[in-house]
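Undergrad: Just the structure for this:
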Amino acid sequence: MRESPGGGVAMDVVVFWASGSSWEITGGGFAMGDGASCAWSSHGKREGAAEQRRRGKKIRFGHYTLQLLEDVGFLGYKSASTPMDSRSKLNITDNSPLLDPVGGERLVGQHIYLTLSRPNITYAVYCLSQFLATPTTSHLQAAHKVLRYLKHKPGQGVFYSATSSLQIHAFSDSDLASFPDTSISVTGFCVFIGDSMVSCRSKKQPTIPRSSAKAEYRALAATTAEVIWISNLLSALQVITPPPDILYCDKNSVVHMVSNPSFHERTKHNELDKVKEGFIHLLPITLNHQLVDAFAKPLPSLLLFSFCSPRWMCMISTVHLEGEY
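TA: Numbers count the residues shown, from 1 in each chain. Modelled structure (predicted):
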């Protein structure tokens, strides 16, 4: 998490690990050892700790999630299928101010911590963090819906495969005029190394674009800068990745603009020169295969379910709580 130049907070998660270590991130922080003696794999089969280490590493905050639900008193509430309503957008004038703004700020801070293992709530938490100065009752209700979504699968976490390739590929997207108060657009991207997501971000753009193509172009420049940084970091760590890095964008007009060398002299984003030089390969992608939509806009339940791919998200355990039936 870091402060955004345009105001508010930018949700930014980058995770790297040493392949030869046995570090495991749990709800209480870092622990060293074999972790749990057994767990359920994505195929529903029971496996031991040695098999887990061979397949890869996982980040989970299941105990922290259950403790948070108990502290707030949401164990008996019905779970939600999405962390945010896809048909509504928060603004600064929603309803009346909170009588206890400190409690709302603390709850959003706890949500920010959970984004390390639950990237599917990143956009919802980012939107809530924009209103910490003047939280209202509608903002608190939105934070409570995130809790109900966490209750749906409290044991869900992020999985980092030890057997996938080291190919870097990234997905870029934007949402035009996401915030009604300012008409500012949101940049969303996620970067993968093989099947493992190592970086993701939801962040407001510094200026107001006049078209969706310009918003997508700025999002693509930010994604390219992140890919370059990760590639340089891996090179400094003497990790060889197969070239070229792959970047996906779902707006064909932006793909043609970046791929055409005659437009490069008119642009101000030097990062995209890497596409021209061949270090990064820009490819179009259909909306059905765009994985980054969840970082740029609220999604309905069916699209959000497809976003939580079993390749990089895992269920540690199945927990039945009160209010599920």
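Undergrad: Run through the helices of the stretch 151-300 of the chain in chain order.
TA: Listed in chain order, the helices of the stretch 151-300 of the chain (DSSP state H, counting those that start in this stretch) span 212-236, 252-259, 273-277.
Undergrad: of all these, which lies closest to S185?
TA: Closest to S185 of these is helix 212-236 (C-beta to C-beta; 4.2 Å). All C-beta atoms are positioned from the backbone trio N, CA, C, and that covers glycine.
Undergrad: In that closest one, which residues are buried?
TA: Neighbour-count burial for helix 212-236, counted by 16 or more other C-beta atoms under 10 Å, picks out 212-227, 230-231, 234.
Undergrad: Report all helices and strands that that helix contacts.
TA: strand 168-175, strand 186-193, strand 196-204, strand 245-249, helix 252-259, helix 273-277, strand 280-284 (3 or more C-beta pairs under 8 Å, 6 or more residues apart in numbering; DSSP states H and E).
Undergrad: quick one: average confidence on it?
TA: Mean per-residue pLDDT for helix 212-236: 92.
Undergrad: Repeat that for stretch 243-252.
TA: The average pLDDT for stretch 243-252 rounds to 91.
Undergrad: can you check stretch 158-170 too?
TA: 90.
Undergrad: and it, C-alpha only, in CSV?
TA: Taking C-alpha atoms only, stretch 158-170 is exported to CSV below (Å, rounded to 0.1, in the frame of the first residue of the first chain):
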residue,chain,number,x,y,z
VAL,A,158,-3.0,-17.3,-3.0
PHE,A,159,-0.8,-20.2,-4.4
TYR,A,160,2.6,-19.7,-5.9
SER,A,161,3.6,-22.7,-8.1
ALA,A,162,7.1,-24.1,-8.0
THR,A,163,6.6,-26.1,-11.2
SER,A,164,5.3,-23.5,-13.7
SER,A,165,7.4,-21.6,-16.2
LEU,A,166,9.2,-18.3,-15.6
GLN,A,167,7.5,-16.5,-18.5
ILE,A,168,6.4,-13.0,-17.4
HIS,A,169,3.0,-12.0,-18.7
ALA,A,170,0.7,-9.1,-17.6
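Undergrad: how far does that stretch sit from the chain's center?
TA: Centroid separation for stretch 158-170 versus its chain: 16 Å, with C-alpha atoms, centre = their mean, to the nearest Å.
Undergrad: Could I get the buried residue list for that stretch?
TA: For stretch 158-170, the buried set under the neighbour-count rule, 16+ other C-beta under 10 Å, comprises V158, F159, Y160, S161, I168, H169, A170.
Undergrad: now, among the residues you listed, which is nearest to F279?
TA: The nearest member of the buried residues of stretch 158-170 to F279, counting by C-beta to C-beta, is I168 at 10.6 Å.
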